[in-house]
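Trainee: Kindly generate the corresponding structure for this input.
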Amino acid sequence: MRGRTEVGWTRVVLAIVCRPWLWPVATTTFVGLIPRRWWARHPWLPVPDAGFLTFRLTTAFGPDPSAPPPAEVISFLRWCRTWPRVVRR
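Mentor: Residues are numbered from 1 along each chain as shown. Take a look at the predicted model:
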């Protein structure tokens, strides 16, 4: 399962890398997932909590959430990018 997960996340990252206009919103979204005081807990890296990420992926994509489909991630980031403009109207 781990290899499949890594391949899935690699595909997600490559999909984002190919769309530079989504880099700022992807960075902001990722930073928003980093837990507070991440430096005080093992593994001492700014990564999202595994339990939270599993919960979010399970509620969105079902019981075997290895990694989200890249198209879904791109669609979500596009929505995040346009949302402030919709709210201002």
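
Trainee: any idea of the mean pLDDT in the helix or strand Gly51 falls within?
Mentor: Taking DSSP states H and E as the criterion, the element that holds Gly51 is helix 50-61. pLDDT averaged over helix 50-61 equals 87, rounded to a whole number.

Trainee: Then stretch 13-28?
Mentor: On average, the pLDDT along stretch 13-28 is 95.

Trainee: List the buried residues for that stretch?
Mentor: Along stretch 13-28, these residues count as buried under the neighbour rule (16 or more other C-beta atoms under 10 Å): Ala15, Ile16, Leu22, Val25, Ala26. C-beta coordinates here come from the backbone N, C-alpha and C atoms, glycine included.

Trainee: now do stretch 71-87
Mentor: Neighbour-count burial for stretch 71-87, with 16+ other C-beta under 10 Å as criterion, is recorded at Val73, Ile74, Leu77, Arg81.

Trainee: How far away from the center of its chain is whatever helix or strand Ser75 lives in?
Mentor: With elements delineated by DSSP H and E, Ser75 resides in helix 70-88, which encompasses its position. Put simply, helix 70-88 sits 13 Å off its chain's centre (C-alpha atoms, centre = their mean, to the nearest Å).

Trainee: do you know how far the residue nearest in space to the middle of the chain is from Ile16?
Mentor: Ranked by distance to the mean C-alpha position of the chain (C-alpha atoms, centre = their mean), the top residue is Phe30 at 5.9 Å. Here the criterion is C-beta to C-beta, to the nearest Å. By it, Phe30 lies 10 Å from Ile16.

Trainee: Also Arg56?
Mentor: Taking C-beta to C-beta as the criterion, Arg56 is separated from Ile16 by 17 Å.

Trainee: hmm, back to that, what sits up against the helix holding Ser75?
Mentor: Defining contact as C-beta atoms under 8 Å, 6 or more residues apart in numbering, one finds that helix 70-88 is touched by 11-12, 14-16, 19, 21-22, 25-26, 28-29, 60-61.

Trainee: That concludes my questions; thank you for your assistance.
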